[in-house]
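Visitor: Whatever this is, show me its structure:
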Amino acid sequence: MLTVRFAWLGLHSGERLLDFGCGGGRHSFEAMRHGAVATALDADAEEAGRAAGWVRALLDEDKKTAESGGQGHVVVGDGVALPFPDACFDRVVASEVLEHLPDDGSVLAELARVTRPGGTLAVTVPRWYPEVINWRLSSEYHNAPGGHVRIYRRAQLERRLREAGFRPYRSHHAHALHSPYWWLRCLLGARADSNALVKAYYRLLVWDITAHRRLTSWTEAALNPLLGKSLAVYARKD
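Guide: Here you go, the predicted model:
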């Protein structure tokens, strides 16, 4: 499930991309399939290990990655002290990670440091009003260890990017079908995992991700401006 649009990021074959806070590595995998050299970084060694397994599988078995010449590797690292030299990446993705970090300003400054002049960054965070509903419905949603520590408005996120040395140039919303799912989970709380409606909705989301049906893609695209769970902002380093 991709949140970032690589065409808007401006990614080209052979470029170096940092997938910061990579989690399972989904954006790294897509960058590799575009012919990029992807570095997937996460502070969680367990998450990084899972991503490394998928990277190896793509390099060994994925025809599109082989044809494009894409490469990838995984690094465990801290966002406030990235283990990379200055200006070493052409493109950077930070998807659904800044809302977890207490010192987002220092992390954005580090991302700016490792981005080359003229390079681009895509940041995605939970959209303000769907996130507010989640917080109102459930304190466990954001108080769990490693949970969300803030809710961004678009203007606040763009101001943070400018302070770090980036110039925002485009944005969109994504994953409209996921907002009601999380509202339902937050409403039901501890009962969510055993609820038949939640289970059915989850199966629908998994089916949509794996089947790539036009009907649900068109439906979600139409609903994204209203219900999109994620906000994506694209910015260029000055």
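Visitor: Find me the pLDDT at the closest residue to Cys88 other than its chain neighbours, would you?
Guide: Of all residues beyond its chain neighbours, the one nearest Cys88 is Val114 (5.6 Å), with distances taken as CB to CB, 6 or more residues apart in numbering. Glycine gets a C-beta too; all of them are placed from N, C-alpha and C. Note for Val114: predicted pLDDT of 98.
Visitor: Stretch 95-102: end-to-end distance?
Guide: With CA to CA, to the nearest Å as the measure, stretch 95-102 spans 16 Å from end to end.
Visitor: How are the strands of the protein distributed by residue range?
Guide: Per DSSP state E, the chain carries strands over the ranges 16-20, 37-42, 71-76, 89-95, 115-126, 166-174, 230-237.
Visitor: For the longest one, which strands pair with it and how are they oriented?
Guide: In this case it means strand 115-126. Applying DSSP bridges, strand 115-126 is found paired with strand 89-95 (parallel), strand 230-237 (antiparallel).
Visitor: before we move on, back to that, would you point to the one among the strands of the chain that's packed deepest?
Guide: Of all these, strand 16-20 carries the top mean neighbour count, a mean of 27, counting by mean count of other CB atoms under 10 Å.
Visitor: Helices of the protein, start to end?
Guide: Taking DSSP state H as the criterion, the chain carries its helices at 6-9, 26-33, 45-61, 63-68, 104-114, 128-137, 140-143, 154-164, 178-188, 196-211, 214-227.
Visitor: rewinding a little: how about the strands of the chain, which one is nearest Val55?
Guide: strand 71-76 (4.4 Å; CB to CB).
Visitor: List the contacts of Met1.
Guide: By CB atoms under 8 Å, 6 or more residues apart in numbering, the contact list for Met1 reads Arg26, His175, Ile209.
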